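Peer 1: my questions concern the predicted model and sequence given below.
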Amino acid sequence: MQEQRIALVTGASKGIGAAIALVLARDGYDIWLNYRSDHAAAAAVGKQIEELGRSCLLLCFDVADPTAVKDTLGPLLDQESPYVLVNNAGFAKDTLMVWMGESEWKDVLSVHLDGFFLVTKLLLVGMLKRRGGRIINIASTSGQSGMPGQVNYSAAKAGLIGATKSLAAETAKRKVLVNAVSPGFIETEMTEGLPIERILPMIPMGRIGKSAEVAEVVAFLCSEKASYVTGQVISVNGGAYM
Ligand code: NAP
């Protein structure tokens, strides 16, 4: 019998991360659900996961805080080790470069890049030992094409894409496959209040995407069907960047 597989999804109390946690639960994974502050939202996603017949462990910590990451994940990893890691937690602090403060620069780089580094480093050991695993990093069109007002966020997401490719090259022989999924404009709290009339003309498909549409691509990359895919950036953006 195949061992029960676990997926750790960061930033999964809502939005794209919640959708990913739900499709992975549907596909048979038990979920370790990380989030930072919204306990009620995380609990609601956890309940939906349990209704799908899978277990859900709620893990409240800041992915950019080295002590919190180690203190939370260390003891768990002594017992079991996830087969899938989805580095999704993140936020934007948009402003033009001339107005950008040091904290806006550092916070955005830190949540995406330190978050990736700290969590991935801990889980990678188990994947390499097992000779199997999947790491999916949630990037952004902004990290591929650039976007005014997002110098910090574009730098972080472009960095994540570079890290994806280097790590994929390091771990391929041990069957640890590492890919990035790069969403365009997706309907979540993060995009609430953006000027839709200015955004739609940038999207050939003429609409904003849904979290579930990103989640299904992640689910594919975590499945046996994607057994020869590594080091790739898969865009889910309605054609906004080709
Ligand atoms: P969202 O709806 O704002 O959700 C963000 C999630 O990340 C929440 O669960 C939040 O937890 C968690 N989070 C934030 N900072 C965290 C931290 N330091 N440690 C742990 N968890 C943290 O955002 P989203 O739109 O789903 O975005 C998810 C990912 O997709 C992000 O990496 C984002 O950059 C990327 N993305 C989004 C879009 C888009 O159009 N929405 C496009 C491209 C890429 P709490 O709420 O519990 O604090």
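Peer 2: Right, received. Where do you want to start? Numbering: from 1, shown residues only.
Peer 1: flag every residue of the chain that's near the ligand.
Peer 2: Neighbours of the ligand within the chain, by Cβ under 6 Å from any ligand atom: 10-17, 34-38, 62-64, 88-91, 111, 138, 140, 183, 185-186, 188-191. For the C-beta atoms, the positions are set from N, CA and C on the backbone; glycine is no exception.
Peer 1: can you flag the buried ones in those residues?
Peer 2: 10-17, 34-36, 62-64, 88-90, 111, 138, 140, 183, 185-186, 188, 191 (16 or more other Cβ atoms under 10 Å).
Peer 1: tell me which of the residues of the chain next to the ligand fall in strands.
Peer 2: Asn34, Tyr35, Ile138, Pro183 (DSSP state E).
Peer 1: is it true that Gly17 touches Phe91?
Peer 2: No - with contact defined as Cβ atoms under 8 Å, Gly17 does not count as touching Phe91 (11.7 Å).
Peer 1: in the protein, which residue is most central in space?
Peer 2: Closest residue to the average C-alpha location of the chain: Asn88 at 2.0 Å, with Cα atoms, centre = their mean.
Peer 1: could you pull up the residues touching that residue?
Peer 2: Asn88 is in contact with Val9, Thr10, Gly11, Ala12, Ile16, Gly17, Ile20, Ile138, counting by Cβ atoms under 8 Å, 6 or more residues apart in numbering.
Peer 1: and which of these is nearest to Asp71?
Peer 2: Thr10 (15.7 Å; Cβ to Cβ).
Peer 1: quick one, phi/psi of the closest one?
Peer 2: In terms of degrees, to the nearest 10, the main-chain angles of Thr10 are phi -90, psi 150.
Peer 1: now do Ile234
Peer 2: Ile234 adopts backbone torsions of phi -100, psi 120, taken as degrees, to the nearest 10.
Peer 1: any idea what it is bridged to?
Peer 2: Val181 (DSSP bridges).
Peer 1: right, and it touches Val217 too?
Peer 2: Yes - counting by Cβ under 8 Å, Ile234 touches Val217, with 5.7 Å between them.
Peer 1: between the two, which contacts overlap?
Peer 2: Common neighbours of Ile234 and Val217 (Cβ under 8 Å, 6+ apart) are Val181.
Peer 1: and which of the contacts of Asn88 is nearest the ligand?
Peer 2: Gly11 (2.6 Å; Cβ to the nearest ligand atom).
Peer 1: residue contacts, the nearest residue to that closest one once chain neighbours are set aside?
Peer 2: Among residues not flanking Gly11 along the chain, Ala89 sits closest, at 3.0 Å (Cβ to Cβ, 6 or more residues apart in numbering). Contact analysis of Ala89 by Cβ under 8 Å, 6+ apart lists Thr10, Gly11, Gly17, Asn34, Tyr35, Arg36, Val63, Val111, Gly115.
Peer 1: the same query, at a cut-off of 6 Å, please.
Peer 2: By Cβ atoms under 6 Å, 6 or more residues apart in numbering, Ala89 lies in contact with Thr10, Gly11, Val63, Gly115.
Peer 1: mind listing the helices for this structure?
Peer 2: 15-26, 39-51, 66-79, 102-109, 115-130, 141-145, 151-171, 196-199, 211-221 (DSSP state H).
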